[in-house]
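Enquirer: pasting the structure only:
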């Protein structure tokens with residue numbers, strides 16, 4: 001069974017990259033500098049649950065000698081991070 005292709009837009013997590021200890025004032029200043037980190041992505045949804053979806057960014061039809069499809073660049077994204085999800089009809 002082939003997975004369906006989707007466009008999704010989701011808010012990713014980000015960090016201060018381990019820049020050391022900070023005061024609360026420093027943390028609030030850092031937070032005010034950044035907007036949400038929005039990711040726009042297309043891929044094949046492999047699995048969906050009420051908590052997450054699994055997205056493959058690459059698809060290769062009938063890659064194996066036995067004719068099975070293969071997927072690559074797999075991500076597991078929490079559902080609460082997803083803002084938009086639209087199926088792409090080819």
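Expert: Alright, I've got the coordinates. These numbers were taken from a predicted model, which means no experiment stands behind them.
Enquirer: please enumerate the helices of this structure.
Expert: If DSSP state H is used as the criterion, the helices of the chain fall at 24-33.
Enquirer: can you give me the strands for it?
Expert: Secondary structure of the chain by DSSP state E: the strands cover 4-12, 37-48, 52-60, 70-78, 82-87.
Enquirer: quick one: closest of these to residue 20.
Expert: Between residue 20 and these, the shortest gap by C-beta to C-beta is with strand 37-48, which sits at 21.4 Å. All C-beta spots, glycine's among them, are computed from the backbone N, C-alpha and C.
Enquirer: tell me the angle that closest one makes with strand 82-87.
Expert: Angle of strand 37-48 versus strand 82-87, following axes from the mean of the first three to the mean of the last three C-alpha atoms, to 10 degrees, is 50 degrees.
Enquirer: what packs against strand 37-48?
Expert: strand 4-12, strand 52-60, strand 70-78 (3 or more C-beta pairs under 8 Å, 6 or more residues apart in numbering; DSSP states H and E).
Enquirer: could you check the pLDDT of residue 10?
Expert: If you check residue 10, the pLDDT there is 95.
Enquirer: related to what we said a few turns ago, tabulate the strands of the chain (a markdown table), appending distance to residue 24 and mean neighbour count.
Expert: Putting these into a markdown table (distance: least, C-beta to C-beta, whole Å; neighbours: other C-beta atoms under 10 Å) gives the following:
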| stretch | distance to residue 24 | mean neighbour count |
| --- | --- | --- |
| strand 4-12 | 24 | 16 |
| strand 37-48 | 22 | 14 |
| strand 52-60 | 32 | 16 |
| strand 70-78 | 27 | 14 |
| strand 82-87 | 29 | 12 |
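Enquirer: go through these and name the closest to residue 22.
Expert: When the strands of the chain are ranked by proximity to residue 22 (C-beta to C-beta), strand 37-48 comes first, at 19.3 Å.
Enquirer: ok, that closest one: who's next to it in the sheet?
Expert: For strand 37-48, the pairing partners within the sheet under DSSP bridges are strand 4-12 (antiparallel), strand 52-60 (antiparallel).
Enquirer: and of those strands, who's closest to residue 28?
Expert: Each of the strands paired with strand 37-48 was checked against residue 28 via C-beta to C-beta, and the shortest separation belongs to strand 4-12, namely 19.6 Å.
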